[in-house]
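# Got a predicted structure plus its sequence, pasted below:
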Amino acid sequence: MLKTKKQELTIFIIIVGVAAFFRLYQIDALGIFSATIGILTVIGLYLLAKELFEWRLAVIASYLAAISFWHVNFSRITSNEIIIPFILVCAFYFLWKGLKHGHLLNFVIAGVFGGLGFYTYIPYYCIAPFIAMALFINYWWYLKRDFDHAKYEHAKTKLLQGFVILALTAFVISLPIGIYFWQHQGEFFSRTSDSLSIVGIIKTLGMFNFSGSPILPWPVGVFFVIGFINELIHWLKRKHGHFSTVHTFMFAWFFVMLIPGFLSTGAPDALLTIGALPAVMIFTARGIWWFFDKLSSWYKTNDPHSIHEAHAVTALVMIVFLFSIGFMEYWRYFK
């Protein structure tokens, strides 16, 4: 256990170092704030993915974010939008901890981050709260189906208390910008159209692999599709008689934060959809993990006496693959 913790810490430090290099290398003074937010987002994504799944998947997801051209690009320019992924990973990290452990302080901190998000840009004001609502409804349904009456009543009370505290905290934090929004509504919707268009939806969904210059390099884009489909199948199976709370949360996050892209007059818009980036990285990490797990299983099937060798070979191939993707993204941005 101690050895695993040391390995985890070492890998985490390496990922933070990679994120710092990609964002601070040859940067001017004006970009340091955005770059710092980008680095903190990678750290936050690691903590959230570890809370949702486990540390090895968190390693892959945070590494992908650390090297992502999509995220690096906006981390190196002065832009309010880069704050959105940071706000979301922090708010959802503390919200998830609150749901798991029932500590009301976690809901307060989640509310603080959630409220600060209203000071960033248009999509957050209108749609981000719907992610928390989807999580709340699904988690309530999970409690109702999986807990006996006594435990359900206690857990329901804690859940309601937590979300009321979160909502009140977010309301207080966001009140000044809310007043300004009410007085200057016309300033907030200049980059969006009035309705959804099929073309905008197709272009936005295709921007990860197909539209123009895809924002994911092709190997990463393939694993994103694999991870997305696998998670969708898992979600639709409803193994315990209800939709998986984690998967409901992930799909809500992904689609809700793509809505600004669907509505954008210039779709596909990588900047307006930046809030979906953490979810994209987690789906991609799930796809990579699934593929290499299948590779390891195939290796063990063909040679049942080399289980440890199968793990070692698979790990080595994965490391080489991830390093290659990092080099591709470095070359894509800096060369």
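That came through, no problem.
# In terms of helices and strands, where is residue 32?
helix 32-52 (DSSP states H and E).
# Next, the buried residues of that helix.
Neighbour-count burial for helix 32-52, with 16 or more other Cβ atoms under 10 Å as criterion, is recorded at 34-35, 37-52. Any C-beta I mention is one placed from the backbone N, CA and C, and that applies to glycine too.
# Return the alpha-carbon coordinates of it using PDB.
Extracted in PDB, the C-alpha atoms of helix 32-52 (Å, rounded to 0.1, in the frame of the first residue of the first chain):
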ATOM      1  CA  ILE A  32       0.900  33.600 -16.400                       C
ATOM      2  CA  PHE A  33      -2.500  33.900 -14.700                       C
ATOM      3  CA  SER A  34      -4.300  31.800 -17.300                       C
ATOM      4  CA  ALA A  35      -1.400  29.300 -17.300                       C
ATOM      5  CA  THR A  36      -1.600  28.900 -13.600                       C
ATOM      6  CA  ILE A  37      -5.400  28.300 -13.800                       C
ATOM      7  CA  GLY A  38      -4.700  25.700 -16.500                       C
ATOM      8  CA  ILE A  39      -2.200  23.900 -14.200                       C
ATOM      9  CA  LEU A  40      -4.600  24.000 -11.300                       C
ATOM     10  CA  THR A  41      -7.300  22.600 -13.600                       C
ATOM     11  CA  VAL A  42      -5.100  19.600 -14.300                       C
ATOM     12  CA  ILE A  43      -4.700  19.000 -10.500                       C
ATOM     13  CA  GLY A  44      -8.400  19.400  -9.900                       C
ATOM     14  CA  LEU A  45      -9.200  17.000 -12.700                       C
ATOM     15  CA  TYR A  46      -6.900  14.400 -11.100                       C
ATOM     16  CA  LEU A  47      -8.600  14.700  -7.700                       C
ATOM     17  CA  LEU A  48     -12.100  14.600  -9.200                       C
ATOM     18  CA  ALA A  49     -11.400  11.600 -11.500                       C
ATOM     19  CA  LYS A  50      -9.800   9.800  -8.500                       C
ATOM     20  CA  GLU A  51     -12.900  10.500  -6.500                       C
ATOM     21  CA  LEU A  52     -15.200   9.300  -9.200                       C
END
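# Can you name the next helix or strand after that helix?
Proceeding N to C from helix 32-52, the next assigned helix or strand is helix 55-67, under DSSP H and E.
# Contacts for that following helix, please.
Applying Cβ atoms under 8 Å, 6 or more residues apart in numbering, the set of residues contacting helix 55-67 from outside is 8, 11-12, 15-16, 18-19, 22, 41-43, 45-50, 71, 220, 277-278, 281-282, 284-286, 288-289, 322, 325-326, 329-330.
# can you rerun that using 7 Å?
Residues external to helix 55-67 that are found in contact with it (Cβ atoms under 7 Å, 6 or more residues apart in numbering): 8, 11, 15, 18-19, 22, 41-42, 45-46, 49-50, 71, 220, 277-278, 281-282, 284-286, 288-289, 322, 325-326, 329.
# what does stretch 328-335 give?
Under the criterion Cβ under 7 Å, 6+ apart, residues 67-69, 72-73, 217 lie in contact with stretch 328-335.
# Just give me how far that stretch sits from the chain centre.
Taking Cα atoms, centre = their mean, to the nearest Å, the mean C-alpha location of stretch 328-335 is offset from the chain mean by 23 Å.
# For that stretch, buried residues please.
If you call a residue buried by 16+ other Cβ under 10 Å, then stretch 328-335 has these buried ones: 328-330.
# what about that stretch, average pLDDT?
Along stretch 328-335, the predicted local confidence has a mean pLDDT of 87.
# same check, this time on stretch 75-93
Stretch 75-93 comes out with an average pLDDT of 91.
# residues of that stretch that come out buried?
By neighbour count, with 16+ other Cβ under 10 Å as the criterion, the buried positions of stretch 75-93 are 75-76, 79, 81-93.
# Quickly note the distance from residue 259 to residue 265.
For residue 259, the distance to residue 265 equals 14 Å [Cβ to Cβ, to the nearest Å].
# neighbour count winner among the two?
Counting neighbours by other Cβ atoms under 10 Å for residue 259 and for residue 265 shows that residue 259 has the greater number, 21 against 11.
# pLDDT below threshold where in the protein?
When the per-residue scores of the chain are filtered using pLDDT under 70, the ranges that remain are 1-3, 122-126, 149, 184-196, 211-212, 240-242, 303-308.
# Many thanks, have a good one.
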